[in-house]
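1. give me the fold of what follows.
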Amino acid sequence: DYAASEIKRRAHNTPVNFGFIGGSMAANVQAVSYILEHWWPAIKEFSPDSKLFLAGSVSNNELLQQLTFFDENIVKLGFVDDLADFYRQIDVALNPVVVAGGLNFKSVEAVFYGKHLLTNPLGQKCLGESFPCEVIESPKQLTDVVGQIEANAHADLNKRRKLQQLAIKQFGNRQACRDIVSHLNFVA
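-> Numbers count the residues shown, from 1 in each chain. Reported below is the predicted structural model:
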């Protein structure tokens, strides 16, 4: 619950900013490579002023440094001392999963911080079918989602609040405590 933040309305007529955060492990490098190959070109075409913020040691990966060298709209932050600082800079967390590895905590954190989460079908599978995110299967679907975010700041604010509450209900401390008590009662 530490990540649950007050959600503020996006500034009107500003581009949507995107982010990815993670360590330099191979799965994260593959995920960012996927973003750069499949999602970022569609985002840039739809919203040329949008930025992609890469945080964590993944942004220092040599391959990713080469792939992003000439793109001024990709900001490599490196290690961030405070996650809230990173999340204040973005509107949408991009987190496609290319290597399944269980629950993806950074995806849950992003929604707790009041950010839209875009993932792929494998990412949805790792989070569970009921987790509040957008499953992106094509560049057209991606730009449709971004267009909806940009189109109505009031509706966007309400949607992010609703998504945050759904995530808290599913993964918050209160739910975890209920699950533990329920399990203990069942065992006893």
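2. same for the longest helix seen in the chain, what does it pack against?
-> Taking DSSP state H as the criterion, the chain has its longest helix at helix 153-171. Contacts defined by 3 or more CB pairs under 8 Å, 6 or more residues apart in numbering; DSSP states H and E place helix 153-171 against helix 105-112, strand 116-119, helix 139-151, helix 173-187. C-beta coordinates here come from the backbone N, C-alpha and C atoms, glycine included.
3. that one versus helix 139-151: what angle between them?
-> With axes from the mean of the first three to the mean of the last three CA atoms, to 10 degrees as the basis, helix 153-171 and helix 139-151 are set at 110 degrees to each other.
4. which residues does helix 153-171 contact?
-> Helix 153-171 is contacted by residues 1, 4, 7-12, 108, 111-112, 114-117, 128, 130-133, 148-149, 174-175 when judged by CB atoms under 8 Å, 6 or more residues apart in numbering.
5. and with 6 Å instead?
-> Contact with helix 153-171 is made by Ala4, Ile7, Arg9, Arg10, His12, Val108, Val111, Phe112, Gly114, Pro132, Ile149, as judged by CB atoms under 6 Å, 6 or more residues apart in numbering.
6. buried residues in it?
-> Neighbour counts using 16 or more other CB atoms under 10 Å place Asp156, Lys159, Arg160, Leu163, Gln164, Ala167, Ile168, Gln170, Phe171 of helix 153-171 among the buried residues.
7. what about the chain, any weak spots by pLDDT?
-> 1-5, 102-103, 174-188 (pLDDT under 70).
8. rerun at 90
-> Counting by pLDDT under 90, the chain contains low-confidence ranges at 1-15, 61, 63-71, 77, 82-84, 97-112, 123-134, 148-158, 160-188.
9. spell out for me which residue occupies the centre of the chain.
-> Ala93 (2.2 Å; CA atoms, centre = their mean).
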